[in-house]
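Undergrad: Predicted coordinates and the sequence they were generated for:
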Amino acid sequence: MPPDLLPTLKSVVRLLTPQFLLSARYERHFFRSRRWENLHLGVFESFEAAREFAARRDVVARFDLDHEAWLKQRVRLSPHDYPMMFWLERTFEEGMRVVDLGGSVGVSCYAFRPFMHFPEGLQWQVCELEDVVPLGRRIAQERGESALSFTSDLASLEGANVLFTAGTLQYIESSLAQLLAVLANPPKHLLINRIPLTRRRSSFVTLQNGGEGVQAYRISNAKEFVDDLERLGYREVDRWKCLENSAPIPLHPDLSLSNFDGFYFVREAHR
């Protein structure tokens with residue numbers, strides 16, 4: 001056999017291995033699927049690397065959600081909502097401000113209100129993408145929900161009594177600790193729900209296809225996530241499992257998650 005044919009032959013053999021064929025087949029399904037299947041693909045070191053991988057397949061990785069459809073799905077509470085409600089109620093005081101980071105069109109406010117007595121003058125401020133803000137305002141006006149307001153400015157976190165966030169942090173490139181570190185007066189209470197955390201390795205990024213497009217998101221290291229907040233003066237009060245959420249990553253079973261996590265932190269020290 002001519003020596004120059006050996007590398008080519010090795011490449012052909014590699015392409016015929018069962019693992020490569022399975023990986024290629026799954027990748028095609030991942031990028032073509034338009035149904036909700038909770039699909040995940042790959043392990044990347046950064047959001048940029050994940051987006052570049054998708055771009056090479058002619059796919060733009062970006063967060064996309066039908067917010068009005070999501071509001072209809074949130075009519076019924078899920079088990080992971082109850083610890084959030086329990087601790088939120090214990091922060092209540094007159095005139096307080098809750099910043100709901102990534103709160104869509106106010107879905108948690110609408111879901112919780114029938115089961116909670118909101119304090120007088122409560123401000124529930126949703127911080128969302130710019131294109132979601134007008135939609136949220138319109139729906140709040142139609143529903144007569146006076147507690148809700150909407151902004152796309154992360155500076156709204158400054159001076160808030162409570163940072164409330166559910167299923168959002170993984171889609172933001174800056175970590176929660178990074179967002180809080182730049183604030184002169186960060187929120188005293190942190191209520192965090194449905195965050196994917198790994199105990200197996202350092203933080204990494206994967207791709208998700210949720211049926212409405214492909215997006216990159218971070219799976220943070222659990223210890224690093226808590227340690228970073230503790231360095232900012234926060235104390236972990238409670239932690240729970242969100243069993244309705246999972247992140248199966250084919251070909252990376254050791255990094256797949258069978259559940260997400262929820263937390264309640266209180267800031268006890270000023271920096």
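TA: Structure received.

Undergrad: In space, what's closest to the most centrally placed residue in the chain - neighbours in sequence excluded?
TA: Residue closest to the average C-alpha location in the chain (Cα atoms, centre = their mean): Thr168, at 2.8 Å. Excluding the flanking residues, the one nearest Thr168 by Cβ to Cβ, 6 or more residues apart in numbering is Gly102, at 2.7 Å. For glycine as for every other residue, the C-beta is placed from the backbone atoms N, C-alpha and C.

Undergrad: what are the phi and psi values for that neighbour?
TA: Backbone torsions for Gly102, taken as degrees, to the nearest 10, come to phi 70, psi 30.

Undergrad: residues contacting it?
TA: By Cβ atoms under 8 Å, 6 or more residues apart in numbering, the contact list for Gly102 reads 127-128, 165-169, 171-172.

Undergrad: buried subset of those residues?
TA: Buried by 16 or more other Cβ atoms under 10 Å: 127-128, 165-169, 171-172, out of the contacts of Gly102.

Undergrad: Just put those in CSV and tack on distance to Arg113 and secondary structure.
TA: Compiled in CSV, the buried ones among the contacts of Gly102 are given as follows (distance: Cβ to Cβ, whole Å; DSSP: H, G, I helix; E, B strand; the rest coil):
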residue, distance to Arg113, secondary structure
Cys127, 19, strand
Glu128, 19, coil
Thr165, 18, strand
Ala166, 15, strand
Gly167, 19, coil
Thr168, 20, coil
Leu169, 24, helix
Tyr171, 25, helix
Ile172, 26, coil
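
Undergrad: Just the C-alpha atoms of stretch 149-159, please, in PDB.
TA: Written as PDB, here are the backbone C-alpha positions of stretch 149-159 (Å, rounded to 0.1, in the frame of the first residue of the first chain):
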ATOM      1  CA  SER A 149     -43.800  46.400  35.000                       C
ATOM      2  CA  PHE A 150     -41.200  45.500  32.400                       C
ATOM      3  CA  THR A 151     -37.700  46.600  31.500                       C
ATOM      4  CA  SER A 152     -34.700  45.300  29.500                       C
ATOM      5  CA  ASP A 153     -32.100  47.100  31.700                       C
ATOM      6  CA  LEU A 154     -30.000  44.900  34.000                       C
ATOM      7  CA  ALA A 155     -29.400  48.000  36.100                       C
ATOM      8  CA  SER A 156     -32.900  47.300  37.500                       C
ATOM      9  CA  LEU A 157     -31.200  44.700  39.800                       C
ATOM     10  CA  GLU A 158     -29.700  47.700  41.700                       C
ATOM     11  CA  GLY A 159     -31.500  48.100  45.000                       C
END
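
Undergrad: Report the buried residues of that stretch.
TA: The neighbour-count check on stretch 149-159 (16+ other Cβ under 10 Å) flags 149-150, 156-157 as buried.

Undergrad: on that earlier part again, closest to Gln208 among the buried ones among the contacts of Gly102?
TA: Checking those against Gln208 by Cβ to Cβ gives Tyr171 as the nearest, at 9.0 Å.

Undergrad: shouldn't that closest one be in contact with Tyr217?
TA: Yes: with contact defined as Cβ atoms under 8 Å, Tyr171 counts as touching Tyr217 (5.0 Å).

Undergrad: What ranges in this structure fall below the confidence cut-off?
TA: Applying pLDDT under 70 to the chain flags residues 1-22, 62-75, 269-271.

Undergrad: if we go to 80?
TA: Scanning the chain for pLDDT under 80 picks out the ranges 1-23, 33-37, 60-76, 210-212, 269-271.

Undergrad: any idea where the helices of it begin and end?
TA: 6-15, 18-32, 47-55, 67-73, 81-89, 107-112, 133-143, 176-181, 222-231 (DSSP state H).

Undergrad: my read: the residue nearest to the centre of the chain touches Leu101, true?
TA: Yes: assessed by Cβ under 8 Å, Thr168 is found in contact with Leu101 at 5.7 Å.

Undergrad: a markdown table for the helices of the chain, including distance to Gly121 and mean neighbour count?
TA: Output for those, formatted as a markdown table (distance: least, Cβ to Cβ, whole Å; neighbours: other Cβ atoms under 10 Å):
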| stretch | distance to Gly121 | mean neighbour count |
| --- | --- | --- |
| helix 6-15 | 65 | 10 |
| helix 18-32 | 47 | 13 |
| helix 47-55 | 38 | 17 |
| helix 67-73 | 25 | 13 |
| helix 81-89 | 16 | 18 |
| helix 107-112 | 15 | 21 |
| helix 133-143 | 16 | 15 |
| helix 176-181 | 25 | 18 |
| helix 222-231 | 28 | 16 |
